[in-house]
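Student: sequence and predicted structure, then a few things I'm wondering about:
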Amino acid sequence: MMNSGNLDLAISSLCSLDPKDPAGKYGRPEPNNRNNFTCNFCGKVTKGGAYRLKQHLVGGFRNVTKYFSFPEHVEEEVKSFMIKKQLAKSGGQILPRVTQYDVDDYSDEEEDCETLNSKGGGSGKLAKRPRKMGQVDMYFTPSREDAIKRRKNGNEGMQRGNCDEESRDKVCRDIARWFYDAGIPFSAANYESFGEMIESVGQYGPGLKPSSVHELEAPLLQKEVDDILKQMKEHKKEWAQKGCSIVVDGWHDSVAEKDFVNFLVNSLKGSVFTKSIDVSEIVEDVNSLFQMLDNMVEEVGEKNVVQVVTSYTPTYVKAGRLLEANRPCLYWTPCATHCIDLMLEDIGKITKVKDALKKCNFINDYK
């Protein structure tokens, strides 16, 4: 039977809580230790004050188990109270540790929990326990896009100062080893998609099952194709509204001894690749090149095309002139980069310049 002293302790503990705190409704403190609360539903004793009891009621915390037979309204009521309390403390911003219940074991926000002193008194405040940051916590962010944006702005080190350099070195070595094993060019690390992939893996945390060969070559590839087609629809809207340019990028494959042209469409929304064509058999045929350009204009839509840009080789010059004559609503424009290349080649043929270049090459080879 509870004596009067223990009853007074229990009553004073409940009175110290916020009147709206659901902990006082769904749990009761132990008479001899007001840090321990007993759940009214399952009888479990939680050690850590009213906050730990609320974690027990909500569930998803590593430092306490959840009883799964609570009425639905209880979990929602407790969760709502915790979020509102955190909002009040953070100036109206919900911190990740409040909304992400599945990764949070934060318990130093408990302010309504008291501990007994050595003489049995109950006036001492529970000292806040500093939380040890783990690797995932240091890199955790509400969204991958925010993390990438922060890194680009040079703020990636804001919360990473305490990160173990040895752990990062281990991760970087594993990534490098994969590059070496797969024979992937090191320049691939400059792709934005590489940084996005690393951020996604980090946010997922331990235990990620890697993509299988089947997933890469079938469902995931199809999803990527679907995404690109959706993006193309947005680009085509931009072409229709503000016009676009067709850019013909020619290149030679010295291994296969073949010539190709890549077709890109440029607008204010950006450049998109549309197709690549083998022109090895028609590279010197003006009429065939003209027909190829004309078909591309038809595919994009003549009313959308402002200009067609090609190299300044004689065959493309003639094909471009034919295109202008056939479609007077657009312009043929020689590629400025190719024109500059041709100018530099001509300059390099000047005797004095040619001799100077030879001497520079000799010095460079000697080194």
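Tutor: That came through, no problem. Numbers count the residues shown, from 1 in each chain.

Student: please name the strands paired to the helix or strand where Val308 lies in the sheet, noting orientation.
Tutor: Val308 is part of strand 305-310, with elements assigned from DSSP states H and E. Strand 305-310 sits in its sheet next to strand 244-253 (parallel), strand 331-334 (parallel), going by DSSP bridges.

Student: so can I have a markdown table of those showing distance to Asp226 and mean neighbour count?
Tutor: Using the backbone N, CA and C atoms, a C-beta is placed for each residue, glycine as well. Listed next are the strands paired with strand 305-310 as a markdown table, based on distance: least, Cβ to Cβ, whole Å; neighbours: other Cβ atoms under 10 Å:
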| stretch | distance to Asp226 | mean neighbour count |
| --- | --- | --- |
| strand 244-253 | 23 | 18 |
| strand 331-334 | 34 | 16 |
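
Student: so which of those strands comes closest to Leu357?
Tutor: Leu357 lies closest, by Cβ to Cβ, to one member of those: strand 244-253, at 23.2 Å.

Student: dump that closest one to CSV, keeping only the CA atoms.
Tutor: Extracted in CSV, the C-alpha atoms of strand 244-253 (Å, rounded to 0.1, in the frame of the first residue of the first chain):
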residue,chain,number,x,y,z
CYS,A,244,14.7,26.8,-80.8
SER,A,245,18.0,26.1,-82.7
ILE,A,246,19.0,22.8,-84.3
VAL,A,247,22.7,22.1,-83.7
VAL,A,248,24.5,19.5,-85.9
ASP,A,249,27.6,18.2,-84.2
GLY,A,250,29.8,16.2,-86.5
TRP,A,251,32.6,13.9,-85.3
HIS,A,252,34.8,11.1,-86.7
ASP,A,253,35.4,7.7,-85.1
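
Student: who wins for proximity to Gly301 among the strands paired with strand 305-310?
Tutor: Taking the strands paired with strand 305-310 one by one with Cβ to Cβ, strand 244-253 is closest: 8.9 Å.

Student: quick one: list the elements packing against whichever helix or strand comes after that closest one.
Tutor: Moving toward the C-terminus from strand 244-253, the next helix or strand (DSSP H and E) is strand 258-267. Here strand 258-267 touches helix 219-242, strand 244-253, strand 270-278, helix 286-300, going by 3 or more Cβ pairs under 8 Å, 6 or more residues apart in numbering; DSSP states H and E.

Student: pLDDT on strand 258-267, on average?
Tutor: Averaged across strand 258-267, the pLDDT comes to 94.

Student: next one: stretch 53-64
Tutor: Summarised as a single mean, pLDDT over stretch 53-64 is 77.

Student: heads up, I number from 640, so please use that
Tutor: Sure thing, new numbering starts at 640, so read that last one as stretch 692-703.

Student: would you mark the buried spots in that stretch?
Tutor: 692-698, 700, 703 (16 or more other Cβ atoms under 10 Å).

Student: looking at those, which are in helices?
Tutor: Under the assignment DSSP state H, the buried residues of stretch 692-703 contribute 692-697 to helices.

Student: output the below-cut-off pLDDT ranges for this protein.
Tutor: 640-657, 701, 706-709, 728-802, 1005-1006 (pLDDT under 70).

Student: show me the domain layout of it.
Tutor: Here the domain parsing of the chain from automatic domain parsing is 643-770, 775-849, 881-973.

Student: still on that earlier bit, okay if I get the helices and strands packed on strand 897-906 as CSV plus distance to Ala821?
Tutor: Shown next, in CSV, are these (distance: least, Cβ to Cβ, whole Å):
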stretch, distance to Ala821
helix 858-881, 17
strand 883-892, 23
strand 909-917, 24
helix 925-939, 36
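
Student: tell me which of these lies nearest to Phe825.
Tutor: It is, among those and with distance given as Cβ to Cβ, strand 883-892, at 22.5 Å.

Student: so what touches that closest one?
Tutor: 877, 897-906, 910, 918, 932, 935-936, 939, 943-950, 955, 972, 974 (Cβ atoms under 8 Å, 6 or more residues apart in numbering).

Student: so how do I select the buried members of those in PyMOL?
Tutor: The PyMOL selection below is limited to those of the contacts of strand 883-892 classed as buried (16+ other Cβ under 10 Å):
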select buried, resi 877+898+899+900+902+903+904+905+906+918+932+935+936+939+943+944+945+946+947+948+949+950+955+972+974
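
Student: contacting residues for Val936?
Tutor: Listed by Cβ under 8 Å, 6+ apart, the contact set of Val936 reads 885, 944, 947, 962, 966, 969.

Student: okay if I get those as CSV plus distance to Trp817?
Tutor: Output for those, formatted as CSV (distance: Cβ to Cβ, whole Å):
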residue, distance to Trp817
Ile885, 39
Val944, 43
Val947, 42
Leu962, 47
Arg966, 50
Leu969, 47
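
Student: of the residues you listed, which pair is most distant in space?
Tutor: Ile885 and Arg966 (11.4 Å).
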